[in-house]
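Enquirer: Sequence isn't available, so here's the structure alone:
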């Protein structure tokens, strides 16, 4: 034992105060448990400090600037100037309010807050090392532990986040000025959200993506809407390239990229390649001039600081902690929630897991039995998905009934000046049960909530179609899509 | 030791429920796999329900006479040691984990489940009744359609929701289904505390409020009709406002039910909440009650039943069912209610479909069967020697087949969907049989290919099986024409209902000696003759009156001169 170690006991130790960890801690506190929440960096974790919330603040600001400057057709003439450092200050204010709220809520629910980096000493003790010299360490003896250490951006060879011009998403959200030229590596959801935002703020954005399209994992017609809109606001795509490295030049940096291997082998004619996508696959390596480059190629679990071996907690080959449907790890009494416990790496999934973990610890019969976890991408337009796609429904043995409603037929969409995209509802043909939905278009992140409720409740197409929706709103599109699936749509032609 | 809940399997093709006629075992009995546990009457047959496992009967969840929906738990087994791994849905979740944790703070979690999927993966792969019964509410992929609050309730009650059959729209699992699966309604004494606990938890959650009182009402509403014979009053509510899903409202509209009158199964946000299941059940009870009241009216008892101070004698008092508890109460003493289900309802539905689908015409005639009587007398002894009781029916069947060959439209079926008349080249004759449970129609296949004695023997066997309720459902399908012998009981003419989708049915009256004019060489004489009255009903969409008469003539010709059958 290190000199200065103090040993304290707690019923529940939660490691990591992101949306999974702090929710677990608060819920456990509500259930009357003695809870200690350990955080090494900032209350609220990545989501509140460096992820969901700051990015949404930046996106809102970018949208406002862009829309104001692009409204001549509505008779509005403006040329907004963006002071990014002031934008970032405003964003930081929002973040401070939220993280302060988390701290208050934790305390109000009797959660003991401890700052420091926690690692397992064995399967019932955590060692918490406080930041800074001479701050010492303490040992936390727990009956139950909840690991909620989250994830961090993946680094790729040749791009070190410690180097000035190389940014991860967190650093990109804290820039003091808008870079003139930005190369974004990765066209996943983080890459697309920030590419679009910076393009709207005036950056000259080029996205380098190894695959054939934006938003891998989403259906082609969903991705297409996002890709086309990104092009409209000035984003340049280089599909089929992997970023190789960067070097300083006289007036900035030069990012180099090589043709991606698989794509090169195919000669860029992959089966489902969209004709609009120009993969310069058989071309030579390229060099892109830039001022900054942001790498957003995915996130990996934070487990290396935890000394999980000491507790005997097992991880899978990608480093995620393995858990069951009650969030229990391979060690009884130790739970894992949020990104560190694997896909889906979404804040709201983590929160749901955190609640279950707390309830399981309290002896309640809780379990993760959600039918679906919705996901949203805050691109322009937004994407919201929940449950099964038509193809997935078929794979699961359903005969899918699919209904769609394009926003160009929505009065409200036209009056918001955003008529791209559609709502799609996927249901079981036999029973009418809603199995999932895909929304791409204005406010898709909000609209998907209703579809999520329908999936979770076991609602039928008729339930959705027979629920009167407010006019004129975007939500009517959900009703119309359900009506379309049963061949009763009013404002579109039925199949 | 592990327990295993056994649900009523789908004992026939797609039957939804069965009447538990009798238990063949008692609680505490040791049973072996495939040993019959109970006799269950379904739409058309009495079947034995075999035990899926070796074990001890811990608990029987239904009583003889109950109507049990397929998928409801009927038996809890205590499994023999070797069986414990087979299917332990009941024990997969701790029964009362909250209590354990609260009591001593000890580790309440079960050992980590190697399979992260709750529910379906735990269902035995061996394909026993439980797994099959789960079919309609959960897909092959294990997806369960139920509200999150319902899933939570299932976890709290230790019910494997994947094994619960849903009664909501499209087979959605409702809270009531889960409670039923948990055996909550079994006994009020054991059910009440669990309910109170649930109410508290749900209120905590802030989403659903279920009070113990409401649940009591729910249990009454959910109870299978068999339980309510003694108190047949239709329980009605009279609310201003009811919460229900749109699909449920549609059901109410289709059933012509005022949704505010349906007893609320549960409450949501302090408002009464009604499920589609409850609407259907209420509608069903309404129909039964109306039918009973109609009978009462017809027999002159109706007027006194009506207590609505309806002094206007000009108006025919129509019993009001929705809210008049008083009339129901007095009706209780004057009437008796019994569930309309099983064979009775199947007959009813079949008759209704036939009568409302096929425009019926009935043609009557009589035939002098004196020669047939003599022939039968001659052959009876021979048949008896061969162990066959020979009645007139096989002769009539052979005569019908001979006539059907001349008039194929009577051995036909109208395919409404494809708008085609299907004439059949097989002659499978149904023989309508009165049984204690009601009318059944066993079918003798290929009458044209069988000898008279063979037809007689087979007919006797099938009729006997039907009366004993041993008959295989398959033996009551695929008929092309039906003969019904009402004369066995007495009577002359009838207006039988066609056994749809067949197009014709021939009813036989009683063979009686009657004075008839006979032409002799000495002129007309009145002599005692054996006469058989015939009534042929047919579907006028396919067969016109002239053809019906000609067919009857042909049948009569064979019955008048049974020797002609030798030529067939």
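Expert: Received the coordinates, thanks. Values in this document were obtained by computation on a predicted structure and should not be read as measured data. Residues are numbered from 1 along each chain as shown, chains lettered A, B, ... in the order given.

Enquirer: what ranges of the chain fall below the confidence cut-off?
Expert: I went with chain A, as the question did not name one. A:1-5, A:132-135, A:262-283, A:495 (pLDDT under 70).

Enquirer: Chain B, not that one
Expert: Residues of chain B that meet the cut-off, pLDDT under 70, sit at B:1, B:10-15, B:43-45, B:81-142, B:184-235, B:265, B:267-270, B:293-332.

Enquirer: Quick one: list the elements packing against the longest strand belonging to it.
Expert: Ordering each strand of chain B by length in residues (DSSP state E) puts strand B:523-539 first. Strand B:523-539 sits against strand B:360-368, helix B:370-385, strand B:504-508, strand B:512-520, helix B:545-560, with contacts defined as 3 or more Cβ pairs under 8 Å, 6 or more residues apart in numbering or on different chains; DSSP states H and E. Glycine gets a C-beta too; all of them are placed from N, C-alpha and C.

Enquirer: Tell me which of those is the most buried.
Expert: Neighbour counts (mean count of other Cβ atoms under 10 Å in any protein chain shown) averaged over each of the helices and strands packed on strand B:523-539 peak at strand B:504-508, with a mean of 26.

Enquirer: Just want the angle from it to strand B:523-539.
Expert: Angle, strand B:504-508 to strand B:523-539, by axes from the mean of the first three to the mean of the last three Cα atoms, to 10 degrees: 140 degrees.

Enquirer: Okay, now the sheet partners of strand B:504-508, with direction.
Expert: strand B:481-485 (parallel), strand B:523-539 (antiparallel) (DSSP bridges).

Enquirer: what does the stretch 51-200 of chain A have sitting close to chain B?
Expert: residue A:143 (Cβ under 8 Å from any Cβ of the partner chain).

Enquirer: What are the boundaries of the strands in the stretch 51-200 of chain A?
Expert: Using DSSP state E, counting those that start in this stretch, the strands found in the stretch 51-200 of chain A span residues A:111-115, A:117-122, A:125-129, A:137-147, A:151-153, A:166-167, A:181-185.

Enquirer: Looking at those, spot the one closest to residue A:9.
Expert: Closest to residue A:9 of the strands of the stretch 51-200 of chain A, according to Cβ to Cβ: strand A:137-147, at 4.5 Å.

Enquirer: Dump the strands of the stretch 51-200 of chain A to TSV, plus mean neighbour count.
Expert: Formatted as TSV, these follow (neighbours: other Cβ atoms under 10 Å in any protein chain shown):
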stretch	mean neighbour count
strand A:111-115	20
strand A:117-122	19
strand A:125-129	21
strand A:137-147	23
strand A:151-153	21
strand A:166-167	22
strand A:181-185	27
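
Enquirer: re the thing from before, winner for burial among the strands paired with strand B:504-508?
Expert: It is strand B:481-485: most buried of these by mean count of other Cβ under 10 Å, with a mean of 23.

Enquirer: In contact with residue A:65, which residues?
Expert: Taking Cβ atoms under 8 Å, 6 or more residues apart in numbering or on different chains, we find residue A:65 in contact with A:80, A:82, A:200, A:201.

Enquirer: Next, count neighbours for the last one.
Expert: By that I understand residue A:201. If you count neighbours by other Cβ atoms under 10 Å in any protein chain shown, residue A:201 ends up with 24.

Enquirer: Next: the first one.
Expert: Residue A:80 has 13 neighbours, counted by other Cβ under 10 Å.

Enquirer: Kindly report the same for residue A:318.
Expert: Applying other Cβ under 10 Å, we find 9 residues neighbouring residue A:318.

Enquirer: got a list of what it touches?
Expert: Contacts of residue A:318 by Cβ under 8 Å, 6+ apart are A:300, A:301, A:342.

Enquirer: could you dump these to CSV with secondary structure and distance to residue A:34?
Expert: Supplementary listing: those in CSV, determined by DSSP: H, G, I helix; E, B strand; the rest coil; distance: Cβ to Cβ, whole Å:
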residue, secondary structure, distance to residue A:34
A:300, strand, 32
A:301, strand, 28
A:342, coil, 28
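
Enquirer: Going by neighbour count, which of these comes out on top?
Expert: That'd be residue A:301 among these, by other Cβ under 10 Å, with 24 neighbours.

Enquirer: phi, psi of residue B:413?
Expert: Here is the backbone geometry of residue B:413 (degrees, to the nearest 10): phi -150, psi 140.

Enquirer: Am I right that it is in contact with residue B:503?
Expert: Yes. Under the criterion of Cβ atoms under 8 Å, residue B:413 makes contact with residue B:503 at 6.6 Å.

Enquirer: Those two: which has the busier surroundings?
Expert: Between residue B:413 and residue B:503, counting by other Cβ under 10 Å, residue B:503 is the more crowded of the two (27 against 17).
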